[in-house]
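In: here is my input, please return the structure:
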Amino acid sequence: MFAIPGKPPITITPTAIRQITRLMEKDGRAGLRIGVKKGGCAGMEYTMEYVDQADPNDEVVEQEGARVMIAPMAQMFLFGTEIDYETGLLESGFKFNNPNVSEACGCGESIKFDSAGTTEG
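Out: Alright, predicted model coming up:
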């Protein structure tokens, strides 16, 4: 990962911190693993899953009790991303504010990176 000393690879908003820690405590999970995989109309999709332990190759970011693991193959795509949690009338969910995205589909579920190859995470 292209780490900058003293700066975390991703940031988590206070709203997302509350949601991640709430779910970690409720289900007794170690944290949330995020990644990217091929799919969707723009070519790539984010993946998210609650996990019981970090993979040895995961980049682990802890912020105020919230723990996010970044899958190895996704690290270069997620550097600089802010993870937020939005609550709306019709739907609620995590939102990725990712400076590396070059294109996104209209539904917001699929993304494209300039350097996207065959990488899956």
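
In: ok, the spatially most central residue of the chain - contacts?
Out: In the chain, the residue lying closest to the centroid (CA atoms, centre = their mean) is Ile34, at 4.2 Å. Applying CB atoms under 8 Å, 6 or more residues apart in numbering to Ile34 gives the contacts Tyr46, Thr47, Met48, Val68, Met69, Ile70, Ala71, Ala74, Leu78, Ile83. Heads up, the C-betas are built off the backbone N, CA and C, glycines and all.

In: of the residues you listed, buried ones?
Out: Tyr46, Val68, Met69, Ile70, Ala71, Ala74, Leu78, Ile83 (16 or more other CB atoms under 10 Å).

In: re the thing from before, what's across from the residue nearest to the centre of the chain in the sheet?
Out: Met48, Ile70 (DSSP bridges).

In: how about stretch 97-104: buried residues?
Out: Asn98, Asn100, Val101, Ala104.

In: out of the residues you listed, which sit inside strands?
Out: Val101, Ala104 (DSSP state E).

In: now for the buried residues of stretch 97-104: which two are most distant?
Out: Asn100 and Ala104 (11.4 Å; CB to CB).

In: okay but Gln53 is in contact with Ala30, surely?
Out: Yes - using CB atoms under 8 Å, Gln53 is in contact with Ala30, at 5.1 Å.

In: just put the contacts of Ile34 in CSV and tack on distance to Gln19 and pLDDT.
Out: Formatted as CSV, the contacts of Ile34 follow (distance: CB to CB, whole Å; pLDDT from 0 to 100):
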residue, distance to Gln19, pLDDT
Tyr46, 15, 86
Thr47, 17, 91
Met48, 11, 92
Val68, 11, 96
Met69, 16, 96
Ile70, 18, 95
Ala71, 20, 94
Ala74, 20, 91
Leu78, 18, 91
Ile83, 10, 94
